[in-house]
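Asks: Turn this into a structure:
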Amino acid sequence: MNSNQHKPFAVCIPYLLVAVVLWMTVLCAQVTWTEHIIDPWAYGTASIYVADLDNDCVKDVLGAVLEEDAIEWWRYDGSPSQWTKFNIDTGFFQAISVYAADIDNDGDQDVIGAASYSDEIAWWRNDGGNPIQWTKYVIRSAYDFAHEVYAHDLNKDGRVDVLGASSFDDLISWWRNDGGNPITWTEQTIGYSCDGAKSVRVADFDDDGDNDVVGANLYDNRIIWWRNDGGDPIQWTEFTIDSNFAGAHRVQAIDLDLDQDEDILAVAYFGHEIAWYRNDGGNPLAWTKQTIGTDFVNACIAQAADLDGDGDLDVAATAQTSDEVAWWRNDGGNPIVWTKFFIEEYFDRAWPLYVCDLDGDEDKDVIAGSSWAGIHEVRWWENTSTGIAENQISKTLSQHFYPTIIRSAAMLRARPGSKLYDIMGREINTSHVTPGVYFVETDDQITSKIIVVD
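Replies: Numbers count the residues shown, from 1 in each chain. The predicted structure is shown next:
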């Protein structure tokens, strides 16, 4: 068939006159949330991470529980509100950050944590067993007000390294994993004079093949990135992205606009703001700030993920003083237009947040915790979206398609590149269409709604 000819959709309707109702529509996923409690008594959860700790192919939840001085994990026990809590460490004073990675390359997930009162960065080796046994190793002591820990193979040597942010030493640091048993670590400072360093992440921002670093400083209001200039030890060149992001508290490195370079998502605790910085390339890199949400009082954490299943990245976030867990739908455009929705409007002292497919049903769920002086709960919101919502923007038309005996179906003519979606927003193989309601997309626009009658 010539590429300029129309291609057919085969819709199974044996020997019937088919009424096709045509609406010009705007479609967006209707995201709904069902709340479940993981733990009603977790006192001051400051950090959440998700990993399969026990290798049962089911995701578990990790928490740094500040008021309990504990690193804890919750095992999923078969239903949304059934979780079993296990302690990893109950003497990790003011546990404030937690992460998981296979530190020793033995095939299971180990745990890394930061404690703000005991000024520690530590890791716990997963020794297996039921319940899991853990062996603690200190990576760095006297790391004043250790606030965040992160793991990444920074130097690309095949071993997972550890990064940290010290709020009172004003440092962004990394510890090179030198292997061995026990593992030895070499500390190297990335950023000095990072006033109130709170967050650190890794990505190749300049697309030169090595890993760069981004950080957030609460007190000097800066978002900074450090270019990896190579060498041993690695040499770093510092660039300020924004020096007026009031109370910079968290960063995430992610290609938010899906243009094949790494952007930065950030939250401003004092500025009550969620924003992203578009990577515009160049040498040095240029950045364009675009605000996602404001008046989000004492914004703590933001994470980008495709929450509505439409192929672009949305943003979920927590606000500690306005007690919000919310998400912003990415409506496209340049600059991107964002629409805010509540996940939970009144979640006291919301701080830690994590977004992932917790229940394995191929959509993104949200986990959050109530921080110190809050209601002591860890909750998760199951994404129970029902599919496509319709907003009619023009009159309804009626059109008749007479049956064409091809696979006992009416023949719908569609332009090259057309796609068929069901009511859940899933693309359908047009050779296996069953009775139901469908939508035709042509040139990235939904052009018709089809009711298939058996």
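Asks: so what's Ser370 up against?
Replies: Counting by C-beta atoms under 8 Å, 6 or more residues apart in numbering, Ser370 makes contact with 42, 44-45, 347-351, 376-378. (C-beta placed from N, C-alpha, C; glycine too.)
Asks: Could you rerun that using 6 Å?
Replies: The contact partners of Ser370, by C-beta atoms under 6 Å, 6 or more residues apart in numbering, come to 348-349, 377.
Asks: Going by neighbour count, which of these comes out on top?
Replies: Neighbours here mean other C-beta atoms under 10 Å. Within those, the largest count is held by Arg349, at 22 neighbours.
Asks: Among the contacts of Ser370, find me the one that's closest to Gly107.
Replies: Here the nearest of the contacts of Ser370 to Gly107, counting by C-beta to C-beta, is Glu377; it sits at 33.3 Å.
Asks: about what we covered before: Gly293: which of the contacts of Ser370 is nearest?
Replies: Comparing the contacts of Ser370 against Gly293 with C-beta to C-beta picks out Arg349 as the nearest, at 18.8 Å.
Asks: Run through the helices of the stretch 151-300 of the chain in chain order.
Replies: With DSSP state H, counting those that start in this stretch, there are no helices along the stretch 151-300 of the chain.
Asks: in the sheet, who's paired with the residue lying closest to Trp338 once chain neighbours are set aside?
Replies: Excluding its sequence neighbours, the residue lying closest to Trp338 (C-beta to C-beta, 6 or more residues apart in numbering) is Trp328, at 4.2 Å. Beta-bridge partners of Trp328, counted by DSSP bridges, are Val315, Lys340.
Asks: Now for Trp328, how many residues are close by?
Replies: Neighbour count of Trp328, defined by other C-beta under 10 Å: 22.
Asks: And for Glu35?
Replies: For Glu35, the number of neighbouring residues by other C-beta under 10 Å comes to 15.
Asks: same deal with Lys136?
Replies: In terms of burial, Lys136 registers 16 neighbours under the definition other C-beta under 10 Å.
Asks: Would you check that it makes contact with Trp124?
Replies: Yes - with the criterion set as C-beta atoms under 6 Å, Lys136 and Trp124 qualify as a contacting pair; they are 5.2 Å apart.
Asks: May I ask you to confirm that the residue nearest to Trp338 is in contact with Lys340?
Replies: Yes - using C-beta under 6 Å, Trp328 and Lys340 qualify as a contacting pair, with a distance of 5.2 Å.
Asks: shared neighbours of these two, anything?
Replies: Taking C-beta under 6 Å, 6+ apart as the contact rule, the neighbours common to Trp328 and Lys340 are Gly293.
Asks: Show me the shaky parts of the stretch 301-450 of the chain.
Replies: Screening the stretch 301-450 of the chain residue by residue with the criterion pLDDT under 70, one finds the ranges 386-417, 422-426, 428-438, 444-450.
Asks: mind listing the strands in it by residue range?
Replies: Listed in chain order, the strands of the stretch 301-450 of the chain (DSSP state E, counting those that start in this stretch) span residues 314-319, 324-330, 338-344, 350-356, 365-370, 378-383, 387-392, 397-401, 404-406, 409-414, 419-422, 436-442, 445-452.
Asks: In stretch 204-214, which of the residues would be classed as buried?
Replies: The neighbour-count criterion (16 or more other C-beta atoms under 10 Å) identifies 205-206, 211-214 as the buried residues of stretch 204-214.
Asks: Reformat these as TSV; add distance to Gln82 and pLDDT.
Replies: Compiled in TSV, these are given as follows (distance: C-beta to C-beta, whole Å; pLDDT from 0 to 100):
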residue	distance to Gln82	pLDDT
Phe205	42	98
Asp206	46	98
Asn211	39	98
Asp212	42	98
Val213	39	99
Val214	38	98
